[in-house]
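Student: Sequence and predicted structure below; questions after.
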Amino acid sequence: MSRNLQSSASSQSWKLSPSKVPTSDPDAEATLPEQVRSVFRLLTNPVVICTATHEGVPRAMTMSSFTSLTLSPVPLVSFNIATPSRTLEALMASREFNIHVLAGDASGAAVADHFTRGNTDGVFDTIQGATYTVGEPVPGSAPLIRGQGILRVLRCTLLRDGNTDGLVRVGDHVIVVGKVDEMIPVTKVKEFGLAYADRKYRLVGGVVDEE
């Protein structure tokens, strides 16, 4: 099933601003969790969208914990999700999910921000300038978002390792380990993906080379 989507939010709502000094300043008098939080705000993380389907209902969420675990013998990826989560429930039920790598520009930021608003019914009906597909390549598979702001999509399944079955519960989070089954190129545009640091979406900046 494929649908054309409209939205009241668009990439025109986002603009590129000059980089500023980080606002995060670890305070020795703050609690340890607050100190650690302020430290991690100094680090840049990738921004992706994870989609899954449960009983025909598409789910999605924006996340910044996505990372590669290994490429051999098969590519494995990992991320964590706070519980409770409808996207996690869909992922656990279907054991399939898609990771959407976002463009490092205003269009990528607009799509990322859209899916930070929760999994209310109809959240897929208001994506600016994109088309989402449910049921490709296999009926009932995870939603595939195509359009402005999406660079690549990794089609994944939960890792079956006999021990954790691809899911590790740690406190109020679940660490997800997935096997990459396919890379789907959405656009031929060559640019870096969207990043996040100090509570702001960011672009990849300059290069530090050895002289």
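Tutor: Sure thing, it's come through.
Student: okay, CA-based contacts and neighbour counts for the rest of this
Tutor: Will do.
Student: isn't L43 right up against A197?
Tutor: Yes. Between L43 and A197 there is a contact at 5.9 Å, judged by Cα atoms under 8 Å.
Student: what's the burial count for V36?
Tutor: Applying other Cα atoms under 10 Å, we find 13 residues neighbouring V36.
Student: Assign it to helix, strand or coil.
Tutor: What DSSP: H, G, I helix; E, B strand; the rest coil gives for V36 is helix.
Student: measure it to R95 for me?
Tutor: 33 Å (Cα to Cα, to the nearest Å).
Student: Kindly report the same for D25.
Tutor: Going from D25 to R95 by Cα to Cα gives 40 Å.
Student: Which one's more surrounded, those two?
Tutor: Set D25 next to R95 and count neighbours by other Cα under 10 Å: R95 wins out with 22 against 11.
Student: List the contacts of G56.
Tutor: By Cα atoms under 8 Å, 6 or more residues apart in numbering, the contact set of G56 is G140.
Student: for L102, same thing?
Tutor: 47-49, 108-109, 111-112, 149-152, 193-194.
Student: Just the C-alpha atoms of the one helix or strand it maps to, please, in PDB.
Tutor: If you go by DSSP states H and E, L102 is part of strand 96-102. What follows is strand 96-102, C-alpha atoms only, in PDB (Å, rounded to 0.1, in the frame of the first residue of the first chain):
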ATOM      1  CA  GLU A  96      11.100  -6.800  11.400                       C
ATOM      2  CA  PHE A  97      12.100  -3.100  11.200                       C
ATOM      3  CA  ASN A  98      13.400  -0.500   8.900                       C
ATOM      4  CA  ILE A  99      16.100   2.100   9.800                       C
ATOM      5  CA  HIS A 100      15.800   5.300   7.800                       C
ATOM      6  CA  VAL A 101      19.100   7.300   7.500                       C
ATOM      7  CA  LEU A 102      18.100  11.000   7.300                       C
END
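Student: For D165, grab the count of nearby residues.
Tutor: 14.
Student: cool, and A30?
Tutor: By other Cα under 10 Å, the residues close to A30 number 11.
Student: try S17
Tutor: S17, neighbours per other Cα under 10 Å, totals 7.
Student: if I've got this straight, it is in a strand?
Tutor: No. Read with three-state DSSP, S17 is coil and lies in no strand.
Student: in its sheet, what does the strand holding L102 sit against?
Tutor: Sheet pairing of strand 96-102 (DSSP bridges) gives strand 48-54 (antiparallel), strand 150-158 (antiparallel).
Student: quick one: K179 and M63, what's the gap?
Tutor: To M63, K179 is 18 Å away according to Cα to Cα.
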